[in-house]
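Engineer: All I have is the shape, not the residue letters:
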């Protein structure tokens, strides 16, 4: 089945630094990927739609200069959290539309902790 | 802009059927209903989706009312491993084409012995 891999699964960074999270579709090509954020005991919140070869589409209230998205190939999208602060600590999850009938496949998520 | 309403929690005895309801009264004619579940600290897992016909796969059944304003996910024989948060999602079209999934608050299903 379709697999989406995220890396790293956990990352701790210092306040003020930047962190890059990778999302790869392992056995299919994905022209569109999605980035979500999830705070403890809350639902997933869609942050942006990543489009291969073009600019990402951000949801209302999400700062595009803080959450940089690059989708340079059909199998890789990256999310960079710039100048991270403790309030950016969260669970970040990506997904991609699977070519099979199994809907949208999600990665296993990245736990970001900013100290 | 989630378009679904679900009960926050439900309990189910192991081996019994778990019936999870979802209201999506503002759904449009070409919008699909998707169900996912999330076990703590993992990515959501796809369960099933449908448009207007009832659907069944190896994991569950999806019953959609004729007016499409609500649906029910049925896990026929719940096990302890089915304990998770279940999300009912309406896939919406976006400006310029394409679709997106916007998650609601979900139902925490607890399967007990």
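Structural biologist: Good, I have the coordinates. Computed from a prediction, not measured in an experiment: that's the story for all the values here.
Engineer: show me the contacts for the closest residue to chain B within chain A.
Structural biologist: The minimum distance from chain A to chain B, using CB to the nearest CB, falls at residue A:106 (3.8 Å). Backbone N, C-alpha and C define where each C-beta goes, glycine included. Under the criterion of CB atoms under 8 Å, 6 or more residues apart in numbering or on different chains, the neighbours of residue A:106 are A:4, A:93-95, B:36, B:43-46.
Engineer: how about 6 Å then?
Structural biologist: A:93, A:95, B:43-44 (CB atoms under 6 Å, 6 or more residues apart in numbering or on different chains).
Engineer: For residue A:17, which non-adjacent residue is spatially closest?
Structural biologist: The shortest distance from residue A:17 to any non-neighbouring residue, by CB to CB, 6 or more residues apart in numbering or on different chains, is to residue A:84 (6.0 Å).
Engineer: Tell me if I'm right that the one you found and residue A:115 touch.
Structural biologist: No - Residue A:84 is beyond contact range of residue A:115, at 9.6 Å (criterion: CB atoms under 6 Å).
Engineer: could you pull out the strands for chain B?
Structural biologist: B:9-13, B:18-23, B:33-38, B:45-50, B:55-56, B:61-64, B:70-75, B:84-93, B:99-101, B:107-112 (DSSP state E).
Engineer: what sits up against the fifth one?
Structural biologist: To tie it back to what came earlier, the one meant is strand B:55-56. With CB under 6 Å, 6+ apart, strand B:55-56 has contacts from B:48, B:62.
Engineer: If we ignore the residues flanking it in sequence, what's nearest the residue of chain B found nearest chain A?
Structural biologist: Going by CB to the nearest CB, chain A is nearest to residue B:43 of chain B, at 3.8 Å. Closest residue to residue B:43 apart from its sequence neighbours, by CB to CB, 6+ apart: residue A:106 at 3.8 Å.
Engineer: ok so, going back, okay, now the residue of chain B closest to chain A: neighbour count?
Structural biologist: Close neighbours of residue B:43, defined as other CB atoms under 10 Å in any protein chain shown, add up to 22.
Engineer: residues in contact with it?
Structural biologist: For residue B:43, the contacting residues are A:93, A:106-109, by CB under 6 Å, 6+ apart.
Engineer: Right, I'll leave it there.
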